[in-house]
Each structure stands twice: as structure tokens, then as C-alpha cells.
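K.L.:
Pasted the sequence and its predicted model underneath.
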Amino acid sequence: MRILLALAIGLLSTQICFPQQTTPTPELYSSKTMSELRELQEATLASDYAYRQTGYLSNNIGPRLSGSPQAARAVEYVAEEMRRQGFVVRLQKCMVPRWVRGEERASVIEFPGMAANTTQKIAIAALGGTIATPANGITAEIVVVSSFEELNALGESKVRGKIVVFNNKFDTELQAAGFGLSAYGNAVGYRFGGAMAAARLGAVAVLVRSAGGSQNRLVHTGSMGYTDGVTKIPGAAISFEDAELLAWLVKSGTVKVNVILTPQTLPDVESHNLIADMKGSEKPDEVVIVSGHLDSWDLGTGAIDDASGVAMAMSSLVQLKKLGFKPKRTIRFIAWMNEENGGRGSAAYFEAEKGNLANHFAAVEADLGASRPLGVNYAGRSEIGAYLAPITAVLSKQGATMVQQQGGVGADIDPLTRAGVPSFAPWFDQRTYFNYHHTAADTFDKIVPKELAEGASLVAVLTYGLASLEQPLPR
């Protein structure tokens, strides 16, 4: 959830640049380090390790919503695998929400021109954290709006007792131009805030057009929000096609919809971040994090969001160990828990480490899919871009030379970013990611082995480069 809401907001202050041709210090990386970075790149590009781990997490374990048996099994599996690779693993406790989807059905039961004794089904998915409807559902007339401003202009008299349909269109042209995250940022606020805005005017439920680019009647789920003092009403996402249908029908007259949602919010469950360190040879107290998040939404199997990110991070340590390379600083692998619907894992880590932030040299998170990497995103001082020039020179072999400054680059490392820790992420091609994001189609077949290997290579080179810098990063 928070995923990309924070990242999308960060795009508003984005600066894009090409690799710098000059270095800000006499030496950033030794000749030995540069040679090792190229060798690490070659080894990772030739390896299928990340691909196999992504396949196991998504196919063998499956959907990994926080608090579920699959999420617990994912923690166990990655711990077993990292121990098998020779790393000491520790589990960091965090209490996570346990929300269970239940049944979800919706149909149009009254509309102009309908044949007698018929209904029309709607493709629907409960939004994460929603309350349930009554057992027989909610049946009410709908009002369709495209924005919060349009909703507020209707006023309470036209909204009370109705189901609000937010028909805010995901900008597929912006996504096709390579700015999928910006398109998502423009749309996701209706998913998270729609129920609160509608409830203030007396609505009984909300249906939100999916915050994503799919046009195959796939529904994009994700978290919604409630706030104290505002009545909680049920919320669900509907497909692109059904949002269009309802917007068409309502122009001709009264439209009524029945919505049945039976989710349960159960007591919090104990879960864990998984942490494994590769100790630094010269500055072991300084830490470079490399990470992805283990949990996923429950409609698909979480291959691109974010088994692939966890696998890329795992691969970084595994390849370095296999090659026998020794980072100057400690590289800390973290598989985060509860990124999607709460951020409890990142909060637990920050709480434990808030007195040690000065020793957190950098943080890397991979959580934007597994498509072809274009370069590196970073958050922090603008001068950091020049420190990446030697790294992108190595990555030029695979065409990943772009550098982009953003306000934030990863939800789990965002608390560290806001505390001043320089933060980094792969910059992936965004033209297809939001077609599958948070849908039933986020499955392993979407992973292209060559592109995943390129992503794993970028993450490994970036992480080892940061851990081997001869100079401190600006902060």
C-alpha cells in the first residue's frame, strides 16, 4: 500500500540526470573494487538464483498476506535458505494485522432498459482493511463521481444513503510513456481515502475504480483507510470495465447495486522481519541494507510484488559469498514483513535502530517489479548522484545508466530515508507493472528471466559498490 503512495508523492520533486563525468572526491572506488563490481555483474547476469527463489516464493508458497500461514512459511523458507547459504539469520518480531478477505460479490440489480428478472455481475475485490457488509449485503442507488471535488459539490443531500462510485481514471497514456508510478500516484488516493470522504456525506459504501492499468476485467486491490470520528463504511475496488459500465448506465437514470463483502479483521499475529548480515572487513559497524518485502496481497501470488525484490536482495549476498568478495562495510539483507497493509516491520526495525542511524550508511530496497532496469533511483542530497557515476559506468554494459533523485524510493526504508539515511532503489521500466500490481495476475509467469537477472545484477552492483565506497556519502 504505502508502497507507492509515498513514492508517487516523491516523484513531484524528481530530478533526472545522466551519470556524472567527474567525481566529487579523489577516489570513490579502488581499482580492485571496480574490477570486483564487473565480475559480480557478470556472475549475477549468468545466474538463475533470483529466478528460482522468486518461483519458489510465488509458486510453492503462494499469496503471503500478513498474518497468513503462507506469510509465516515465507519467513521460515527464506531463513532456511539463507542459513543453507552460510549466513547467520535473526528474526525481528513485529505484530501484524490479520485481515481475511472472505466472500465478495456485486451486481447491478436495477438500471434503465434492463430485462425483467435479470441482474448484471460486477468484477469486484474488497479493499484491504474494509469492514463487512450485512450478511445479505448493501443494496442502494449509486452516484458516480470522478473526483473528491465532484463528490463534495454534490453535497450530503445527494449522497446520503447511496453507494459512491469513484470513477477516477488511471492514466494509461502516462504509464505507456514510462511514468506508471506517476499515474498510480494520481489514482491511489481514491482507493485509500474514498470511504472516508464518502462517509462524511452519509454514503453507505464505496466502489473505487481500480488504481491500475489493466483492461482485462482484472480488479486491483490495496489498502483503504479509516479515521476516528468518521463512520466506517465498506469499500471495494471494481474493474476498469465495470466502472465504465456504471458511468454509462447512470447517465440514463436510477442505477442500484447490491454489494456483499464478508471480510474479517482478526487479532494481530506475531510475525518477523528476517535479517542476515555479511560483516564488513574494515568498517563492520557501518551498515548498507539490501532488501525487499516478503508479504503480498492475496489475489495473485506476489511474484512481481515483491517476491522478485526479496530474491534480488538474497542473490546479492549469495553471489558475493560465492565469489569470496569482502565488503568494507556490513551488508545487511532484510526481508521486510507487512509492507502492504501496515508497515509494521519497517516500524519495528526503525524503533530498534533509531539510536544507531548514524551507522546506517545506506539503504537499498527493490519493490517496483522485475522488468528491465533503467538505472538507479536515490533519495538524499543531490550530490549523491555523482557518487553513482562509477557504478552506472559498470551498469552501462546492460543499459542501466540513468540516475534519478526522488523524495522517497521505498516504503520499508522510508523511515530511514526521512531520518537522513541515503536511500536507493532500482529504476525499472514502468510501462507494464501497474497492469498486474495488486491483481490476481501478479503471478510467476510475468517474470522474464533475463530482466530479473539484470535487476539482480543492478541490485548487487549497487549494494556492493555502496558498501565498498572509499568516501562517506553526503547526508
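P.N.:
Thanks, I have it.

K.L.:
Tell me the predicted confidence for Glu27.
P.N.:
Here, the pLDDT recorded for Glu27 equals 89.

K.L.:
swap that for Val310, please
P.N.:
98.

K.L.:
Relative to Thr227, how far out is it?
P.N.:
From Val310 across to Thr227, the span is 32 Å (CB to CB, to the nearest Å). All C-beta atoms are positioned from the backbone trio N, CA, C, and that covers glycine.

K.L.:
which of the two has more neighbours?
P.N.:
Ranked by neighbour count (other CB atoms under 10 Å), Val310 and Thr227 place Val310 first, with 30 against 11.

K.L.:
next helix or strand past the helix or strand containing that one?
P.N.:
If you go by DSSP states H and E, Val310 is part of helix 308-323. The C-terminal neighbour of helix 308-323 among helices and strands, as given by DSSP H and E, is strand 329-336.

K.L.:
Toward the C-terminus from that following strand, list the very next helix or strand.
P.N.:
Downstream of strand 329-336, the next assigned helix or strand under DSSP H and E is helix 344-353.

K.L.:
what packs against that following helix?
P.N.:
strand 89-100, strand 264-278, strand 329-336, helix 414-418 (3 or more CB pairs under 8 Å, 6 or more residues apart in numbering; DSSP states H and E).

K.L.:
Now for Leu452: which residues touch it?
P.N.:
50-51, 54, 308, 311-312, 370 (CB atoms under 8 Å, 6 or more residues apart in numbering).

K.L.:
just the helices in the stretch 51-200 of the chain please.
P.N.:
Applying DSSP state H, counting those that start in this stretch to the stretch 51-200 of the chain gives helices spanning 69-84, 148-154, 156-159, 172-176, 180-199.

K.L.:
before we move on, back to that, looking at the helices and strands packed on helix 344-353, which one is packed in the most?
P.N.:
strand 329-336 (a mean of 26; mean count of other CB atoms under 10 Å).

K.L.:
quick one, it and strand 264-278 angle?
P.N.:
Angle, strand 329-336 to strand 264-278, by axes from the mean of the first three to the mean of the last three CA atoms, to 10 degrees: 160 degrees.

K.L.:
Direction included, what does strand 329-336 pair up with?
P.N.:
strand 264-278 (antiparallel), strand 283-293 (parallel) (DSSP bridges).

K.L.:
So which of the ones you listed is nearest Ala386?
P.N.:
Ala386 lies closest, by CB to CB, to one member of the strands paired with strand 329-336: strand 283-293, at 18.4 Å.

K.L.:
Which one, of the strands paired with strand 329-336, ends up nearest to Gly213?
P.N.:
Going by CB to CB, the one of the strands paired with strand 329-336 nearest Gly213 is strand 283-293, 21.7 Å.

K.L.:
quick one: buried residues of the closest one?
P.N.:
283, 286-293 (16 or more other CB atoms under 10 Å).

K.L.:
want to try TSV for these, with pLDDT as columns?
P.N.:
Shown next, in TSV, are those (pLDDT from 0 to 100):
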residue	pLDDT
Lys283	98
Glu286	98
Val287	98
Val288	98
Ile289	99
Val290	99
Ser291	98
Gly292	98
His293	98
